[in-house]
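>>> Okay, here's the prediction I keep looking at, along with the sequence it came from:
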Amino acid sequence: MISVRVTQNQMTRTFLRHMNTNLERLSKSEERMTGQKYRKSAENISDTARAYRVRQELFDNETYTTNIRDADAKLSSAEANLNSINSIMVTAREQIILRGMNDTNKLQRINLAQELTGNLDEIIQFANSEFSGRYLFDGSENGVPPFAAGEDGMLTYHGIPVDYLYTNDKGQICYLKEIDPNNQNDSSKDGKVVDYYGKDANDVDIKDGLTANPPTVREYVIPEDIPQYVDIGSGITMDGNRVVDRTAFNLTFSGLKMLGFGKTEDGIPKNVYSQLKDAIDELNKENGEFDRSHMEDISNTMKVSTEDLRLNIIDIGTKTQFLEKTLEGLENDNENLTKLQQKLEVADMAKESINWKMYNSIMMATYQFGSKVVPTSLMDFLQ
């Protein structure tokens, strides 16, 4: 049988090793009692890596949520203003214009015309509505109201008569201007805007395009419909300097397309403002000059315009519904991510309270044991 002699130094070293281990456990338990599961990534590398990914996802979702709520507010504002314009047009057609078509009394027609006149300013006001410092229905966003009444009372879009606009073969909204054929440095700021249904300087019909030779009119594209995309978490993708449509939410509203532009083949304006203006002019005519058939044409075109406007409003409602569903999905994701984050980063306080009591009891027992085997001078120092 071999006997082993345990020296005082061995007992002291063993005691100090166990005491440091127990003290470290107690200290970490006290740190976790503050709610933090760990202070350094080295303590739990796996959970730390997952926690950072969860934090990034939560940050991204918060950004998407903010974008969606801002977009939803803008859609709601656009919908409210378009509803107001639509209400004006429906009321004007059903309660005033249809009455005026059958009224043979000039005074009565003039009174009806006066009722309509107040609606013109209201339409411009709604068409120039602002949201967050920007004009809702101005794709070009150049900082000035897009719609105004010209000197002749005609509605203009950035100074271009809306009735003179048309769509070219590329689907672009354009207008024509008379130019000096000898001026090679022609600017879109020079020259006179030409009615698309009129004649050029050589009295050549330009309804079907630029037919004059040499050309005395030039085509310019209207500065509108610059896309405004919002990232709502669909994985926004770029194709060169262009955003891929399906990967982002387009918040552009074309006031021209919603209110209408150009004329029908019968010369009736397609925009709601000019339709009211034409109706007012017709109602103010003398009995012998009043043209009931023209009023019927205006009424029929106005009906088409209000239906188109209603479709645009429905389209906005569809977009709003899509955003609401996307927001609901993000909120559910946030709830699940928050729970996962707590699991990865936040200590279980009930469990940690038990651990702390256990480690504290072990530490007290360690001190008691040390008082028996460690010299008194060292124990006094440790305590």
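Structure received. Residues are numbered from 1 along each chain as shown.

>>> Would you double-check that Ala51 falls in a helix?
Yes. Looking at Ala51 with DSSP: H, G, I helix; E, B strand; the rest coil, it is inside a helix.

>>> Count the residues that sit near it.
Ala51 has 19 neighbours, counted by other C-beta atoms under 10 Å. Quick note: C-beta positions are derived from backbone N, CA and C, even for glycine.

>>> swap in Asn9?
8.

>>> Report the central residue of the chain.
Ala71 (3.0 Å; C-alpha atoms, centre = their mean).

>>> For that one, which non-adjacent residue is spatially closest?
Val230 (5.1 Å; C-beta to C-beta, 6 or more residues apart in numbering).

>>> Same check on Glu286?
Lys106 (6.6 Å).

>>> How much space separates that neighbour from Asn287?
Here Lys106 is placed at a distance of 5 Å from Asn287 (C-beta to C-beta, to the nearest Å).

>>> which of these two has more neighbours?
Each of Lys106 and Asn287 has its neighbours counted (other C-beta under 10 Å); Lys106 has more, 15 against 9.

>>> Now do the strands in the stretch 51-200 of the chain.
For the stretch 51-200 of the chain, the strands defined by DSSP state E, counting those that start in this stretch occupy 130-131, 134-135, 147-149, 155-157, 160-161, 166-167, 173-178, 192-194.

>>> that older thread, pretty sure the residue nearest to the centre of the chain sits against Ile232.
Yes. Judged on C-beta atoms under 8 Å, Ala71 makes contact with Ile232 at a distance of 7.2 Å.

>>> shared neighbours, these two?
Counting by C-beta atoms under 8 Å, 6 or more residues apart in numbering, the shared contacts of Ala71 and Ile232 are Phe249, Leu323.

>>> Can you convert the strands of the stretch 51-200 of the chain into CSV and add a column each for mean pLDDT, distance to Phe261 and mean neighbour count?
What follows is the strands of the stretch 51-200 of the chain, written out as CSV (pLDDT from 0 to 100; distance: least, C-beta to C-beta, whole Å; neighbours: other C-beta atoms under 10 Å):
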stretch, mean pLDDT, distance to Phe261, mean neighbour count
strand 130-131, 88, 21, 15
strand 134-135, 86, 17, 16
strand 147-149, 91, 11, 18
strand 155-157, 91, 8, 24
strand 160-161, 90, 9, 22
strand 166-167, 86, 8, 16
strand 173-178, 84, 7, 21
strand 192-194, 74, 13, 16
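
>>> nearest to Thr320, of these?
In terms of C-beta to C-beta, the element of the strands of the stretch 51-200 of the chain nearest to Thr320 is strand 130-131, at 14.3 Å.

>>> Which residues does that closest one contact?
Here strand 130-131 makes contact (C-beta under 8 Å, 6+ apart) with Ala73, Lys74, Ser77, Ala78, Leu136.

>>> Make JSON lines out of those and add neighbour count.
As requested, these are exported to JSON lines (neighbours: other C-beta atoms under 10 Å):
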{"residue": "Ala73", "neighbour count": "12"}
{"residue": "Lys74", "neighbour count": "19"}
{"residue": "Ser77", "neighbour count": "16"}
{"residue": "Ala78", "neighbour count": "23"}
{"residue": "Leu136", "neighbour count": "23"}
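
>>> Now for the chain, the helix or strand with the poorest mean pLDDT.
In the chain, the helix or strand scored least confidently by mean pLDDT, DSSP states H and E is helix 376-382, which has a mean of 52.

>>> In CSV, list the contacts of strand 130-131 along with pLDDT and distance to Asp152.
What follows is these, written out as CSV (pLDDT from 0 to 100; distance: C-beta to C-beta, whole Å):
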residue, pLDDT, distance to Asp152
Ala73, 93, 37
Lys74, 91, 33
Ser77, 93, 31
Ala78, 92, 29
Leu136, 87, 26
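
>>> Which of the residues you listed fall within helices?
Counted as lying in helices by DSSP state H, out of the contacts of strand 130-131, are Ala73, Lys74, Ser77, Ala78.
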